[in-house]
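S.K.: quick one: sequence plus predicted model below, questions after.
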Amino acid sequence: MESSFPPARPSANNLNAVCLYGNGRPRYPAFCFPSSSYAYAHRAGNAVNRLESWLNQCCYGGLALGNGQILCCAKQAWETALSYFCTEEYSTMTLVNECCEKNGEERWNCFERQAPNPSYQPLCGYTAPLITPDTIFTWDPNTC
């Protein structure tokens, strides 16, 4: 299965797909990766897993109501998931993802440019396994 990392930035243009097709986009259970090596792929997979779980909370968890709040929640989830990814990148002895070396809006724009699925389309015939995120997401509606 091709990587869906980095995930695209949620926007008004892709929000419907973000919410509707979540179960049709890739997840990366731990058994997908060998116990040694592939550390970058594992970190990227974890970021996708976190984000997809958190997007589900934004769309259907009752955290946010209405497209404006759902979009705000989704953007915050996206930034938080990629921030965790970058923190994990810096905790290794390997080269860091180039986007993590940037700050603020430059970082988010870099990830957005690299996203292989900007419209959040599902994979044909794929149903995602349920994966519980390793980190809790708490949306702050005051950032909207």
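M.R.: Everything's here; your move.

S.K.: test my guess that residue 40 contacts residue 100.
M.R.: No. Assessed by C-beta atoms under 8 Å, residue 40 is found out of contact with residue 100, at 11.4 Å. Bear in mind the C-beta positions are built from the backbone N, C-alpha and C, glycine included.

S.K.: any regions of the protein where pLDDT drops low?
M.R.: Low-confidence segments of the chain (pLDDT under 70): 1-2, 35-37.

S.K.: and the end-to-end length of stretch 83-99?
M.R.: One end of stretch 83-99 sits 10 Å from the other (C-alpha to C-alpha, to the nearest Å).

S.K.: which residues does the closest residue in space to residue 143 that isn't next to it in sequence contact?
M.R.: Excluding the flanking residues, the one nearest residue 143 by C-beta to C-beta, 6 or more residues apart in numbering is residue 76, at 6.1 Å. If you count contacts by C-beta atoms under 8 Å, 6 or more residues apart in numbering, residue 76 has them with 139-140, 143.

S.K.: will you turn these into TSV that also has secondary structure and distance to residue 107?
M.R.: Output for the contacts of residue 76, formatted as TSV (DSSP: H, G, I helix; E, B strand; the rest coil; distance: C-beta to C-beta, whole Å):
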residue	secondary structure	distance to residue 107
139	coil	20
140	coil	19
143	helix	17
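
S.K.: of these, buried ones?
M.R.: residue 139 (16 or more other C-beta atoms under 10 Å).

S.K.: so which of the contacts of residue 76 is the closest to residue 63?
M.R.: Of all the contacts of residue 76, residue 63 sits closest to residue 139, with 5.1 Å by C-beta to C-beta.

S.K.: in contact with that closest one, which residues?
M.R.: Contacts here follow C-beta under 8 Å, 6+ apart; on that basis residue 139 touches 57-58, 63-64, 72-73, 76-77.

S.K.: same check, this time on residue 131
M.R.: Counting by C-beta under 8 Å, 6+ apart, residue 131 has contacts 27-29, 49, 52-53.

S.K.: what's the distance between it and residue 54?
M.R.: 12 Å (C-beta to C-beta, to the nearest Å).
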